[in-house]
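Engineer: Could you look at this predicted model? Sequence included:
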Amino acid sequence: MSNESRQGSTVIKGGTVLDQRGEQRLDVRVEGGVITEVGALLRGDHTLDASGCMVSPGFVDLHVHLREPGREEAETIETGSRAAARGGFTAIVAMPNTEPPHDSLAVVQMVRRLGAEAGLCEVLPSGCITMGRAGEVLAPMAELAAAGVQIFTDDGAGVQDPLLMRRALEYGKSLGILLAQHCEVSRLTMGAVMHEGGCCARLGVAGWPSVAEELMVFRDIELSRLTGAPVHFLHLSTAKSVDLVRGAKAEGLLVTAEAAPHHFTLTDEMLNGFDPIFKVNPPLRELTDVIAVKRGLADGTIDAIATDHAPHASELKEMPLDQAPPGMLGLETSLALSISELGLDLQQVVALLSWQPAAIAGVAHRHGRALEVGAPANITVFDPDLTWTVTSAGMASKSRNTPYAGRSVRGKVRHTVFDGNVVVLDSEAQR
Ligand code: DOR
């Protein structure tokens with residue numbers, strides 16, 4: 001199919017174009033990797049049926065764990081890219097906590113190359129802020145930036161040392177790159193299994209207090225103010241974190257933030273049965289936090305929905321709660337959970353999934369662009385009304401750790417066009 005669409009034109013027919021400019025019933029013709037015409041009743045060599053669907057700029061996920069190199073039993077760049085394409089993503093930022101991590105040119109180039117070979121979406125490797133993500137010595141940020149890395153993070157861990165973070169921000173500013181922080185003061189979360197609150201007290205397990213996140217959000221807002229460098233906050237999970245970012249934005253500081261679907265759909269009460277499927281870092285919080293994250297997404301405080309897709313092999317996720325690794329799948333359920341749970345109009349949902357994260361990732365010239373003649377053909381076609389039931393067996397991901405199995409959701413990706421190729425057709429990956 002993808003080769004077919006390369007030879008000749010493909011018309012995405014009968015759908016409603018939804019982009020930065022609004023909604024309009026139009027067909028879109030794609031040829032040679034770009035949009036060649038947008039208009040009524042177009043014809044082409046091939047047709048992609050979009051009736052009943054929205055035709056939008058491709059989605060961009062700022063936060064994906066692809067596990068390769070090092071944990072290929074849980075996911076590979078190819079299987080993760082396939083899950084991404086099925087979720088409507090045409091670009092994903094690969095997190096650096098692989099083995100070895102993204103602190104050298106060799107690893108970053110390998111991740112990008114394997115992404116390009118899979119050809120299902122663009123894989124944008126992040127770079128480590130510190131060597132080995134150990135928080136002690138800065139990674140070769142200039143070298144990685146020169147190779148095209150635009151987002152740097154030690155995700156999985158926060159940079160604990162405020163002086164090192166200050167230096168990283170100063171250095172990053174001179175390089176024109178973005179630092180993204182996993183906000184967790186690790187001294188406050190040692191041994192933690194879940195959110196520190198009523199449920200945690202009842203279960204008698206060690207808790208991860210909200211303040212461990214909020215202290216670092218506050219610190220990095222102040223370091224951004226001090227250095228004039230932009231900072232991006234990964235997976236915000238608490239009400240006060242959202243308030244801090246809202247205040248920083250009101251002051252005109254250079255901060256952006258993302259939230260993960262599990263932080264606006266699930267609470268710590270899910271852990272009542274000690275099921276590690278609900279263990280994630282930062283942990284599921286309380287209803288007041290869920291409401292605050294939703295409000296932050298609605299009022300523009302939070303710029304992007306990012307999945308924190310974190311596949312884990314079943315034998316690890318089935319260990320007892322205190323030993324199981326944190327993390328849950330996200331790529332293939334993100335759109336549906338966003339449509340079903342946020343109560344936003346579709347344009348706001350797509351803004352949070354597409355052009356806003358594209359701008360943060362520095363790829364707005366290739367992804368998330370309005371569907372105009374000449375724009376690269378990175379396009380998502382989704383049915384906003386289709387109701388379906390999530391199953392773990394139905395995932396393209398190599399892992400099965402979705403906390404949503406059995407849940408009925410609304411909204412499904414029907415086709416994904418990446419670089420002019422139809423990589424998902426009728427919800428099935430073509431590669
Ligand atoms: O839940 C999480 N899983 N949070 C992280 O920060 C890391 C991630 C992983 O790599 O599994």
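Structural biologist: Sure thing, it's come through.
Engineer: Surely Ser56 forms part of a helix?
Structural biologist: No: assigned with DSSP: H, G, I helix; E, B strand; the rest coil, Ser56 falls outside any helix and is strand.
Engineer: Contact partners for it?
Structural biologist: Val17, Leu18, Asp19, Val350, Ser354, Leu371, Ile379, Thr380, Val381, Phe382 (CB atoms under 8 Å, 6 or more residues apart in numbering). The way it works is simple: take the backbone N, C-alpha and C, and place the C-beta from them, glycine included.
Engineer: mind running it again at 6 Å?
Structural biologist: Leu18, Val350, Thr380 (CB atoms under 6 Å, 6 or more residues apart in numbering).
Engineer: Okay, and which of those map to helices?
Structural biologist: Those of the contacts of Ser56 mapping onto helices are Val350, per DSSP state H.
Engineer: Asp299 - how many residues pack around it?
Structural biologist: 11 (other CB atoms under 10 Å).
Engineer: Equivalent analysis for Leu335, please.
Structural biologist: 26.
Engineer: tell me the secondary structure for it?
Structural biologist: helix.
Engineer: Test my guess that it contacts Val409.
Structural biologist: No: the pair Leu335 / Val409 is not scored as a contact, 9.0 Å apart, by CB atoms under 6 Å.
Engineer: Pipe the contacts of Ser56 into TSV and attach distance to His365 and pLDDT per row.
Structural biologist: Converted to TSV, these look like this (distance: CB to CB, whole Å; pLDDT from 0 to 100):
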residue	distance to His365	pLDDT
Leu18	20	98
Val350	18	99
Thr380	18	99
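Engineer: Looking at the contacts of Ser56, which one is closest to His46?
Structural biologist: The closest of the contacts of Ser56 to His46 turns out to be Thr380 (CB to CB; 17.8 Å).
Engineer: For the closest one, give me its contacts.
Structural biologist: Thr380 neighbours (CB under 6 Å, 6+ apart): Ser56, Gly58, Phe59, Gly88, Thr416.
Engineer: on that earlier part again, go through the contacts of Ser56 and name the one nearest Asp220.
Structural biologist: Val350 (28.4 Å).
Engineer: Any idea what the nearest residue to the closest one once chain neighbours are set aside is bridged to?
Structural biologist: Once flanking residues are discounted, Val350 sits nearest to Ser56: 4.8 Å by CB to CB, 6 or more residues apart in numbering. In this structure, Ser56 bridges to Thr380 when assessed by DSSP bridges.
Engineer: ok, now how distant is Ser56 from Glu372?
Structural biologist: 13 Å (CB to CB, to the nearest Å).
Engineer: cool, and Lys294?
Structural biologist: Taken as CB to CB, the span from Lys294 to Glu372 is 32 Å.
Engineer: Of these two, which one has the most company?
Structural biologist: Legend: neighbour count by other CB under 10 Å for Lys294 and Glu372, higher for Lys294 (20 against 13).
Engineer: Where does the more buried one sit, in terms of helix or strand?
Structural biologist: Assigned by DSSP states H and E, Lys294 falls within helix 287-298.
Engineer: Just give the number of residues close to Val280.
Structural biologist: Neighbours around Val280, by other CB under 10 Å: 26.
Engineer: ok, now Leu287?
Structural biologist: Neighbours of Leu287 under the rule other CB under 10 Å: 10.
Engineer: what about the residue lying closest to Ala116 once chain neighbours are set aside, which SS state?
Structural biologist: Leaving aside its chain neighbours, Ala116 sits nearest to Val123 (7.4 Å; criterion: CB to CB, 6+ apart). Under three-state DSSP, Val123 falls in the strand class.
Engineer: Thank you kindly, that will do.
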